[in-house]
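Asks: kindly return the folded structure for what I paste below:
(chains A, B, C and D)
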There are 2 protein chains.
Amino acid sequence: MTKADGDGSPAKRPIVGGLSNVLFDAWLVSRSVHQLIDTAIEESGLDADEFAIYSVLASGEGMTPSDLSHWMAAAPTTVSSYVKRFERRGHITRIPNPEDGRSYRLQLTATGRAAHRHAGELFTPILAHTEDALGARAEKTHAQLLTLLHAVDAVRDEHA
Amino acid sequence: MTKADGDGSPAKRPIVGGLSNVLFDAWLVSRSVHQLIDTAIEESGLDADEFAIYSVLASGEGMTPSDLSHWMAAAPTTVSSYVKRFERRGHITRIPNPEDGRSYRLQLTATGRAAHRHAGELFTPILAHTEDALGARAEKTHAQLLTLLHAVDAVRDEHA
DNA sequence: GATATTTAATACGATATCGTACTACATACC
DNA sequence: GGTATGTAGTACGATATCGTATTAAATATC
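Replies: Numbering: from 1, shown residues only, chains lettered A, B, ... in the order given. The predicted structure is shown next:
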């Protein structure tokens, strides 16, 4: 991870003419966010993607692999390998799905919740910093992101 | 549950209580955007990341691998393998860097530019759809994204 | 000007992601 | 109720990503 650049202008981004558009910049933001979170929570043993998954699992009654696959727009096979990995860590268990014998629901174990909490403690300050950096615009920015999320999902469904 | 549960549509996102924050949702948007672009430009032979890279290379005088690494927040080794891959495709060439003998600049070849143009033709309509879906908010959303990008970069630099 | 330190890029190995092909259960249709 | 079709999840193989260690050029120190 390349660190300090020295001269105080680490991120040189040539924001060129027709290059900047809403999808492109969403991509760019995500790269930056991903790296930020990755480094911030590194010592927890989770990476940014995993932290997001643990978060959504922690927040509800548990999801099926398919739900997870849709939710995070990942290939089903990718989710399968997540499940294996998380199980190997003792962080999740499979709850049988009474409504569908092919499927099951994913739930965090106590250990899994502890790992999530630890990552969360590392995550919180950088979120606060980001919100500080956004200042008064923080809420609006967040709202616009959700708007964008729905717009992109709509287009995605349309093209599915 | 949560949002639109109605039809058998792909994206059911449980927007749960404290789970939604600006970084988290940036991550979520990116997953969606990534998949949208991937499928849209698939037939061009480029994926979303590659399209972004080709775009930035096409837009300027060419960048060094380090620049690219900073710009897209990717590991230097990842950039190295990009270079190999793109060279294998005949899509880029290395221009020696007169200022630094260890380095070089990446430039698209004519074939590379053609590939980029093809991907661009597939990309344009989905961008238009997204902007339509955003309607009047399109510009504001884009502006907020750039604000967020700068905020995140600032935090990232701080923590570097 | 010689040596020490830093920086740019990469080779290599470990692991992650995902496409293809498959199995097993569920639902539709007759 | 029996067959046909669809859907949930996965094994496996191909390739991508990235961490660690290395090489070579640039910059700093003396």
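
Asks: in stretch A:153-160, what counts as buried?
Replies: A:153, A:154, A:155, A:156 (16 or more other C-beta atoms under 10 Å in any protein chain shown). C-beta coordinates here come from the backbone N, C-alpha and C atoms, glycine included.

Asks: so the residue minimising distance to the centre of chain A is in which element?
Replies: Taking C-alpha atoms, centre = their mean, the centroid of chain A lies closest to residue A:52, which sits 3.9 Å from it. Secondary-structure assignment from DSSP states H and E places residue A:52 in helix A:48-59.

Asks: coming back round to it: list the residues that contact the residue nearest to the centre of chain A.
Replies: The contact partners of residue A:52, taken as C-beta atoms under 8 Å, 6 or more residues apart in numbering or on different chains, are A:72, B:24, B:27, B:28.

Asks: circling back to that earlier point, buried stuff in the helix holding residue A:52?
Replies: A:48, A:49, A:50, A:51, A:52, A:53, A:54, A:55, A:56, A:57, A:58, A:59.

Asks: quick check: the first one touching residue A:37?
Replies: Yes. Between residue A:48 and residue A:37 there is a contact under C-beta atoms under 8 Å: 3.9 Å.

Asks: chain center to stretch A:72-85: distance?
Replies: Offset of stretch A:72-85 from its chain centre (C-alpha atoms, centre = their mean, to the nearest Å): 14 Å.

Asks: what comes into contact with it?
Replies: A:49-50, A:52-53, A:65-66, A:68-69, A:92, A:94, A:106, A:156, B:28, B:31-32, B:34-35.

Asks: quick one: stretch A:125-133 to chain centroid distance?
Replies: That offset, for stretch A:125-133, works out to 17 Å (C-alpha atoms, centre = their mean).

Asks: same check on stretch A:32-41?
Replies: 10 Å.

Asks: does any bit of that stretch sit next to chain B?
Replies: Yes. Residues of stretch A:32-41 are located near chain B by C-beta under 8 Å from any C-beta of the partner chain, namely A:32, A:33, A:34, A:35, A:36, A:37, A:39, A:40.

Asks: which element is the last one on?
Replies: Put plainly, it is residue A:40. Applying DSSP H and E, one finds residue A:40 within helix A:22-41.

Asks: between that helix and helix B:22-41, how many degrees?
Replies: Angle, helix A:22-41 to helix B:22-41, by axes from the mean of the first three to the mean of the last three C-alpha atoms, to 10 degrees: 130 degrees.

Asks: look up phi and psi at residue A:21.
Replies: Torsion angles at residue A:21 (phi, psi; degrees, to the nearest 10) stand at phi -140, psi 170.

Asks: from chain B, how far out is it?
Replies: 6 Å (C-beta to the nearest C-beta, to the nearest Å).
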